[in-house]
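>>> Sequence first, then the predicted structure, then my questions.
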Amino acid sequence: MHDRILILSVFVVASCGLAYELVAGALASYLLGDSVLQFSSIIGCYLFAMGVGAHLSRYVKDEAVLARFIDIELAVGLLGGVSATLLFLVFTWMSAPFRGVLYVVVFLVGVFVGMEIPLVMRVLNARRASFAELVSRVLTFDYLGALAVSLLFPLVLAPRLGLARTAFLFGLLNVAVALWTTWHFRRELADGSPRAVSGRVLRGGVLMILLAGGLALSDRITRFAEQGLYGDTVVYAHSSDYQRMVVTRWKDDIRLYLNGNLQFSSQDEHRYHEALVHPALASLPGARRVLVLGGGDGLAVREILKYPQVEAVTLVDLDPDMTRLFSSAEPLAALNRGALRDARVSVVNADAGQWLEGDVGVFDLIVADFPDPSNFALGKLYSVPVYRLMSRHLAEGGLLVVQSTSPYFAPHAFWCVDATLREAGFNTWPYHAYVPSFGEWGFILAGKRPAFNPPRRLPVPTRYLNADTMADLFRFPPDMDAPPVEPNRLNSQSLVHYFEQDWGRVIR
């Protein structure tokens, strides 16, 4: 019976160990970007720390193995349980030391986790279990625990509970392992006096209360941290299956943040969305069908619906929670003037690249309003193969417009998008606009036609663009000249590297 308890403990502690690793990797990629770099460095640090922990376990005396295993479960339950909340608070209030604290936490958790399995195997070995059977059973349950969490984390835990509550939950499981191990082996503990046993039970009980409190209050703690991070009042915060969405408000300024990155400010978003839509659509008087990729906030669709000749708009956005929010929440739906509820608009929640592979018809205008290419998942949407898919669905005289980050702050990334479109067979006409929230921002018009002349008049009402400002969009000063760049191909994703390097220089 006791052996089965220990084997079950292996399953639980393996689940908890991997969960803390995934939480740290996801949190770092949310806050720092470049998910490949964050996950790779955290996995490397964690595995190294596990090796250190496995080595340190040899110094635990045989008669104290069971007691040290319980103590380690209590320690890793506390540190792992509070890890996500601690890291988020550090990032919010003391952003400079965040990386250092991140890797210290990952390393310490890894050391504790690395000690767990060797100690369990020594306990089972002392009970005269067959060595072959011992290794087989322990590693089997270790790997099964890892498999369970690797499936549950992206499908259930992260989207449903969020990172902070997930960490607290697994912290509770670690402490539960310590408590049931203490209870079942209370007569075998090396220092098995009633005081020693009751002391561990008391510590475990206190930790259970603390972690359960953290689990219950995690939303409030996260909201408090986000309040400090964003400055303005947080009026909506939600973790969908794909991203963390936060909406803030200060007086009449509403802002949307995705994974901590500003997407728009209601004070000046009209500049961005007018520049995104009108240079192309005002030059296509015959446009009837328009495709918007990304842009789940409906603000680009709002500008498109100003044109009475447009008969159908298809919006393809990955996140259903995003499109639902901007079609149902009245303050946000007011920003897009109910665009997502318009009878001419069809909303499709799907991966844009996969959706384009289907038989979806031909469009007079395609608007690619994706988030910036800060990681490889987004970078693929700016790649040669995806642009070739867009070309298949673009009418012969139609136009494609792509939001392309800043030509001033991220020139290599901006001109890489241009080079990628040309590699995909398009002719291109880059342009830029000043958006106070972002600075100089870039867009690229592309098409199969040989030339493009900016429209001399706008047939719809606008707040920012007119004939004079329209012509200025396509003029680049010398400090935004094109540097030499490579197109963004899937096997290399050069755009993501350019983006990280360009913005890294700005941040430093």
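Looks like it arrived, so ask away.
>>> Can you tell me which helices and strands the helix or strand that contains residue 7 packs against?
Assigned by DSSP states H and E, residue 7 belongs to helix 2-32. If you count contacts as 3 or more C-beta pairs under 8 Å, 6 or more residues apart in numbering; DSSP states H and E, helix 2-32 packs onto helix 35-56, helix 65-93, helix 98-126, helix 131-152, helix 162-184. Bear in mind the C-beta positions are built from the backbone N, C-alpha and C, glycine included.
>>> Could you dump the ones you listed into CSV and include mean pLDDT and mean neighbour count?
Shown next, in CSV, are these (pLDDT from 0 to 100; neighbours: other C-beta atoms under 10 Å):
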stretch, mean pLDDT, mean neighbour count
helix 35-56, 88, 17
helix 65-93, 88, 22
helix 98-126, 87, 20
helix 131-152, 78, 15
helix 162-184, 89, 24
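>>> hang on, the earlier thing: and the angle from the helix holding residue 7 to helix 65-93?
Angle between the axes of helix 2-32 and helix 65-93 is 10 degrees (criterion: axes from the mean of the first three to the mean of the last three C-alpha atoms, to 10 degrees).
>>> Would you mind checking the average pLDDT for helix 2-32?
Average pLDDT, helix 2-32: 81.
>>> So which bits of it are buried?
By 16 or more other C-beta atoms under 10 Å, the buried positions in helix 2-32 come out as 6-7, 9-32.
>>> got it, and stretch 305-316?
The neighbour-count check on stretch 305-316 (16+ other C-beta under 10 Å) flags 305-307, 310, 313-316 as buried.
>>> how deep is residue 340 tucked in, by neighbour count?
Counted with other C-beta atoms under 10 Å, residues neighbouring residue 340 total 25.
>>> How about the one 4 residues further on?
Per other C-beta under 10 Å, the neighbour tally for residue 344 reads 14.
>>> you'd agree it is up against residue 305?
Yes: counting by C-beta atoms under 8 Å, residue 344 does reach residue 305; the two are 6.7 Å apart.
>>> shared neighbours of these two, anything?
residue 313 (C-beta atoms under 8 Å, 6 or more residues apart in numbering).
>>> what's the distance between the residue nearest to residue 401 when sequence neighbours are not counted and residue 214?
The shortest distance from residue 401 to any non-neighbouring residue, by C-beta to C-beta, 6 or more residues apart in numbering, is to residue 280 (4.7 Å). Note on residue 280: its distance to residue 214, by C-beta to C-beta, to the nearest Å, is 50 Å.
>>> quick one, which of those two is more surrounded?
Between residue 280 and residue 214, residue 280 has the larger neighbour count (other C-beta under 10 Å), namely 26 against 21.
>>> What strand or helix carries the more buried one?
Using DSSP H and E, the element containing residue 280 is helix 269-281.
>>> Starting from the helix or strand just after that helix, tell me which strands it pairs with and how they run.
Heading C-terminal from helix 269-281, the first helix or strand you meet, by DSSP H and E, is strand 289-294. Here strand 289-294 has these sheet partners by DSSP bridges: strand 312-316 (parallel), strand 363-369 (parallel).
>>> Show me which residues of strand 289-294 are buried.
Going by neighbour count (16+ other C-beta under 10 Å), the buried part of strand 289-294 is 289-294.
>>> Would you reformat the residues you listed as CSV and include pLDDT?
Below are the buried residues of strand 289-294 laid out as CSV (pLDDT from 0 to 100):
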residue, pLDDT
289, 97
290, 98
291, 98
292, 98
293, 97
294, 94
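>>> Dump those residues to CSV, plus distance to residue 76.
Formatted as CSV, those follow (distance: C-beta to C-beta, whole Å):
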residue, distance to residue 76
289, 56
290, 53
291, 50
292, 47
293, 44
294, 40
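>>> Which strands and helices lie in contact with the longest helix along the chain?
The residue-count maximum for a helix in the chain (DSSP state H) belongs to helix 194-230. If you count contacts as 3+ C-beta pairs under 8 Å, 6+ apart, helix 194-230 packs onto helix 65-93, helix 162-184, strand 233-239, strand 244-250.
>>> ok, 10 Å please
With contacts taken as 3 or more C-beta pairs under 10 Å, 6 or more residues apart in numbering; DSSP states H and E, helix 194-230 sits against helix 65-93, helix 162-184, strand 233-239, strand 244-250, strand 253-258.
>>> same for the helix or strand following the last one, what does it pack against?
This points to strand 253-258. Counting by DSSP H and E, the next helix or strand C-terminal to strand 253-258 is strand 261-265. With contacts taken as 3+ C-beta pairs under 10 Å, 6+ apart, strand 261-265 sits against strand 244-250, strand 253-258, helix 269-281.
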